[in-house]
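Undergrad: please find the sequence and the predicted model below.
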Amino acid sequence: MSAPSANLTVETVAGAFVPAVPANSSRARYVIRRLFRMPTFVVSFVIAGFWVFDAIFWRLLVPNDPYAVDPLHTLRAPSWGHLFGTDEIGRDVLSRVLAGATSILIVAPIATAGALLIGVTCGLVAGYKGGLIDEILMRVIDTMVSIPLIVFAVIVLGLLGPSKLNLIVVIAVVFGPYVTRTVRAATLAQRERLYVEAARLRGENAIYIMVREILPNVTGPIVVEGTVRFGLAVFVAATLSFLGLGLQQPSPDWGLTISIDLIYMQEAWWTVLAPVLALASLLMSVSLLADAMRKALSE
C-alpha cells in the first residue's frame with residue numbers, strides 16, 4: 001500500500017478509506033515526461049551521460065595513450081596532434097582528461113550508494129521508531145555533521161592512507177548523516193498516514209511497514225538527495241585527490257592532475273584548464289539535474 005493518490009482503488013479499515021493499489025508507475029511516467037520537457041535537464045543529462053559513457057569506454061575515445069611519456073614534446077601548446085597540448089612529461093592532456101573520468105565515476109557512485117544505504121536505513125528507523133532510538137541516532141548524526149567534512153576526511157585518510165577503497169568509505173560515512181536527516185524528516189511526515197495505520201492494524205511488523213509501505217513514498221526526497229550527494233562526492237573526491245589523499249600517480253584523476261600541473265599554470269595553462277573544465281562540466285550538470293528533479297517531484 002502507498003499514500004493516497006490518483007487512480008487508486010480503496011478499502012475500508014476502521015471506517016476510513018485507505019489506498020489499496022498504488023499509482024507509483026503513473027507518477028514515475030509523469031515525472032520523467034516533465035523532466036525531459038525541461039531544457040536544462042536535457043542538456044545536463046547529455047553532458048553527464050557523456051562523462052558516464054566516457055568513463056566506461058574511454059579507451060575507444062582517447063586519441064593517444066594517456067600514460068605514454070614523450071620527453072621530446074613536453075609542455076607543448078594545443079595543436080592538431082595534441083588538441084589539449086601535452087603535460088610536463090609529454091603525455092597527451094586530452095587523453096588523460098578522458099581517461100581521468102573513470103576514477104571519479106567509480107569513487108563517486110559507489111560512495112553515494114554507501115551513503116544512501118547508511119542514511120536510508122538510519123533515517124527510516126529513527127523516523128518510524130521515534131523515542132529513545134531516534135534520540136540516540138540523531139545525537140550521533142548531529143555530532144558527525146558538526147565535524148567539517150574535509151577536515152574529517154583529511155584526518156581519516158591521513159591515518160588510513162590514500163587509496164580508492166578508503167576514499168569511498170570516508171565519503172560514504174561523511175555523507176550518510178545528511179541522507180539520514182532527509183529520510184528521517186520524510187518518514188516523520190508519513191508514519192501517521194492512514195495507509196501506515198492500516199498496515200499496523202493488519203499486524204505487519206515494523207520492518208515490513210518501513211520497507212514496503214513508507215520507503216516507496218519517500219523515494220522522491222531520496223532520489224534528489226542522492227543526486228545532490230553524488231555531485232558533492234565528485235567534488236570531495238577531486239578535492240582529496242588534489243590534496244594528495246586520493247589516487248596517486250600515474251593516475252589521470254582530475255584532482256590529482258590539477259594539483260600536479262598547477263605549478264605550470266603560467267607557462268602551460270592548458271594542462272590545468274582541461275581537467276578543470278571537465279570537472280566543472282560534470283559538477284554543473286549533476287547540480288542542474290538535481291535541481292530539475294526537485295522541481296519535477298515537487299508538483
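TA: Alright, I've got the coordinates. Numbering: from 1, shown residues only.
Undergrad: going by C-alpha atoms from here, please, whenever you check contacts or count neighbours.
TA: Fine.
Undergrad: show me what the host helix or strand of Ile260 is packed against.
TA: Here Ile260 sits within helix 254-261, counting by DSSP states H and E. Packed against helix 254-261 by the contact rule (3 or more Cα pairs under 8 Å, 6 or more residues apart in numbering; DSSP states H and E) you find helix 93-129, helix 219-242, helix 270-297.
Undergrad: dump the residue contacts of the spatially most central residue of the chain.
TA: Per Cα atoms, centre = their mean, the C-alpha nearest to the average position across the chain is that of Phe230, at 1.3 Å. By Cα atoms under 8 Å, 6 or more residues apart in numbering, the contact set of Phe230 is 108-109, 112, 286.
Undergrad: do the same with Leu117
TA: Gly176.
Undergrad: equivalent analysis for Gly119, please.
TA: Gly119 touches 176-181, 183, counting by Cα under 8 Å, 6+ apart.
Undergrad: over to Arg91?
TA: Counting by Cα under 8 Å, 6+ apart, Arg91 has contacts 65-70, 74.
Undergrad: re earlier: run the chain-centre distance for the helix holding Ile260.
TA: 22 Å (Cα atoms, centre = their mean, to the nearest Å).
Undergrad: between the contacts of Arg91, which sits nearest Val234?
TA: Pro66 (21.3 Å; Cα to Cα).
Undergrad: coming back round to it: what about the contacts of Gly119, which are in helices?
TA: Counting by DSSP state H, the contacts of Gly119 place 176-181, 183 in helices.
Undergrad: so how do I select the buried members of those in PyMOL?
TA: Those of those that count as buried under 16 or more other Cα atoms under 10 Å are selected in PyMOL with:
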select buried, resi 176+177+178+179+180+181+183
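Undergrad: excluding its backbone neighbours, what's nearest Ser103?
TA: Nearest residue to Ser103, sequence neighbours excluded (Cα to Cα, 6 or more residues apart in numbering): Asp253, at 6.0 Å.
Undergrad: how many residues are close by that neighbour?
TA: Asp253 has 26 neighbours, counted by other Cα atoms under 10 Å.
Undergrad: that one reaches Ala101, doesn't it?
TA: Yes. If you go by Cα atoms under 8 Å, Asp253 and Ala101 touch, sitting 7.0 Å apart.
Undergrad: any stretches of this structure with poor pLDDT?
TA: 1-25, 299 (pLDDT under 70).
Undergrad: quick one: contacts for the residue lying closest to Val272 once chain neighbours are set aside?
TA: Closest residue to Val272 apart from its sequence neighbours, by Cα to Cα, 6+ apart: Ile258 at 5.3 Å. If you count contacts by Cα under 8 Å, 6+ apart, Ile258 has them with 242, 271-272, 275-276.
Undergrad: quick one: Ile258 from Ile150, how far?
TA: Here the distance between Ile258 and Ile150 works out to 18 Å (Cα to Cα, to the nearest Å).
Undergrad: do the same with Ala28
TA: 36 Å.
Undergrad: cool, Val42 as well?
TA: Val42 sits 32 Å away from Ile150, taking Cα to Cα as the criterion.
Undergrad: and the two? which has more neighbours close in?
TA: For Val42 versus Ile150, the count of surrounding residues by other Cα under 10 Å is larger for Val42: 17 against 14.
Undergrad: which one of the contacts of Phe230 has the most neighbours?
TA: Tallying neighbours with other Cα under 10 Å puts Thr112 at the head of these, with 29 neighbours.
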